[in-house]
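>>> With the sequence up front, the predicted model follows.
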Amino acid sequence: MNTSFSNFTGLALDIKAWGRELGFDALGITDTRLGDHETRLMNWLHAGYHGEMHYMSRHGIRRSRPEMLSPGTIRIISARMNYQAPDAKDEKEVLANRNQAYISRYALGRDYHRVVRKGLQKLAERIAEKVGPFGYRAFTDSAPVLEKALAEKAGLGWIGKHTNLINRASGSWFFLGELYTNLPLPVDLPAENHCGTCSTCMEVCPTRAIVSPYQLDARRCISYHTIELKEAIPVEFRKAMGNRIFGCDDCQLYCPWNRFGQKSPLSDFAVRHRLDAAHLIELFRWSEEDFLANTEGSAIRRIGYACWLRNIAVALGNAESTPDVIQALKDRLHHSSELVREHVAWALQQHGAL
């Protein structure tokens, strides 16, 4: 960094303007102190709410102490990017159609890791043009970072009872990313909580995963079961999954603040391969080659082909009982994966066809 540079207040304003030019909806700046959030994190881990996500406990306090993850960090630039595709089918209509597949809206377009990180890298380059070389690292759900806590401290929104970040003007349909930096930038005021007495997110959760305000038990969460879990989905949660085959948006979908949700202008988040309302049978018939081709550059690919079929098998078990549904399931009854076979057998049992 140019040691003669001193106008960090002006730089902070520039950074926020550059961020908007690069496709971010808002940026905020905070320090590295996360004491209260660290306590909540450790209590959450101690309760076992992270399930099989062992990396959460393995990283421990590195997640809540930015300077341990990136030495020299004194400030975090937190960035928010809306992802709602303007061309996506209505979420509630898809959820109501038992023969269609519901995919979490964040995964309908290009993999957000790439989009957000690219924007952060360009932002860092803009800053370097102004101040010279400086220390930074960019993250977007790619390292042990308490990104929602940092975003709340940076004034981008508050952590709601469903544990997602909410903004009064934009709802919660957005991604977060961070630049850890050694620049002594002025910090922003943290956001105030506006959940009030509302408990809609807790009431609509299909599996009651929000066990108390601001406490999510991942072991009950459909997003965890369909994305993070690599084993069999517990039988007790399969009916509640409905037609959700990748993630779940219910706690956001019914949040009153999302009436202010904004569509993304970025083509990166446009719907790919009609995945906003595809038919379950169509997706279930994809070969592994089809799966890899149709999820290239998508966050969906991370779950792998076997878990993709596992999830759809459960949804087909919850679909209307038709000859086509039953035949599609029978076609996979002897699949090479034991994981797939087990969920197909369960699905056929739901239709009285096994």
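Noted; the coordinates are in hand.
>>> List the buried residues of the lowest-mean-pLDDT helix or strand in the chain.
Within the chain, no helix or strand scores below helix 54-59, which has a mean of 87 by mean pLDDT, DSSP states H and E. Going by neighbour count (16 or more other C-beta atoms under 10 Å), the buried part of helix 54-59 is Met56, His59. In this view, the C-beta of every residue, glycine as well, is placed from N, C-alpha and C.
>>> got the CA positions of that helix in CSV?
C-alpha atoms of helix 54-59 as CSV (Å, rounded to 0.1, in the frame of the first residue of the first chain):
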residue,chain,number,x,y,z
HIS,A,54,-17.7,-31.7,10.3
TYR,A,55,-15.8,-28.9,8.6
MET,A,56,-17.8,-26.5,10.8
SER,A,57,-16.3,-27.8,14.0
ARG,A,58,-12.9,-28.6,12.4
HIS,A,59,-12.4,-24.9,11.6
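>>> Use 663 as the first number from now on
Okay, using 663 as the starting number, the last item reads as helix 716-721.
>>> Any chance you could list what contacts it?
Residues external to helix 716-721 that are found in contact with it (C-beta atoms under 8 Å, 6 or more residues apart in numbering): Leu707, His712, Arg725, Pro806.
>>> Take these and write them to TSV, including pLDDT.
Listed next are those as TSV, based on pLDDT from 0 to 100:
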residue	pLDDT
Leu707	94
His712	95
Arg725	91
Pro806	92
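>>> Buried ones among those?
With burial judged by 16+ other C-beta under 10 Å, the buried subset of these is Leu707, His712, Arg725, Pro806.
>>> between those, which is nearest Phe931?
Comparing the buried ones among the contacts of helix 716-721 against Phe931 with C-beta to C-beta places Pro806 closest, at 25.8 Å.
>>> isn't Tyr876 right next to Ile821, touching?
Yes: the pair Tyr876 / Ile821 is scored as a contact, 6.7 Å apart, by C-beta atoms under 8 Å.
>>> buried residues in the very next helix or strand once past the least confident helix or strand of the chain?
Toward the C-terminal end, the helix or strand that comes next after helix 716-721 (DSSP states H and E) is helix 728-731. Within helix 728-731, the residues that qualify as buried are Pro728, Leu731, counting by 16+ other C-beta under 10 Å.
>>> Return the subset of the buried ones among the contacts of helix 716-721 lying in helices.
Applying DSSP state H to the buried ones among the contacts of helix 716-721, the entries found in helices are Leu707.
>>> Going by distance to Gly979, which of the buried ones among the contacts of helix 716-721 wins?
So of those, ranked by how close each gets to Gly979 (C-beta to C-beta), first place is His712, at 27.4 Å.
>>> can you tell me how far the residue lying farthest from the centre of the chain sits from Val793?
In the chain, the residue that sits farthest from the middle, by C-alpha atoms, centre = their mean, is Ser666; the gap is 40.6 Å. Distance, Ser666 to Val793, by C-beta to C-beta, to the nearest Å: 10 Å.
>>> Could you verify my assumption that Ala816 touches Arg737?
No: the pair Ala816 and Arg737 fails to qualify as a contact (C-beta under 8 Å) at a distance of 9.6 Å.
>>> okay, these two: which has more neighbours?
Neighbour tally, Ala816 and Arg737, criterion other C-beta atoms under 10 Å: the higher count belongs to Ala816, 27 against 22.
>>> Chain neighbours aside, what residue packs nearest to that one?
The spatial neighbour of Ala816 that comes closest, neighbours along the chain excluded (C-beta to C-beta, 6 or more residues apart in numbering), is Gly690 at 3.0 Å.
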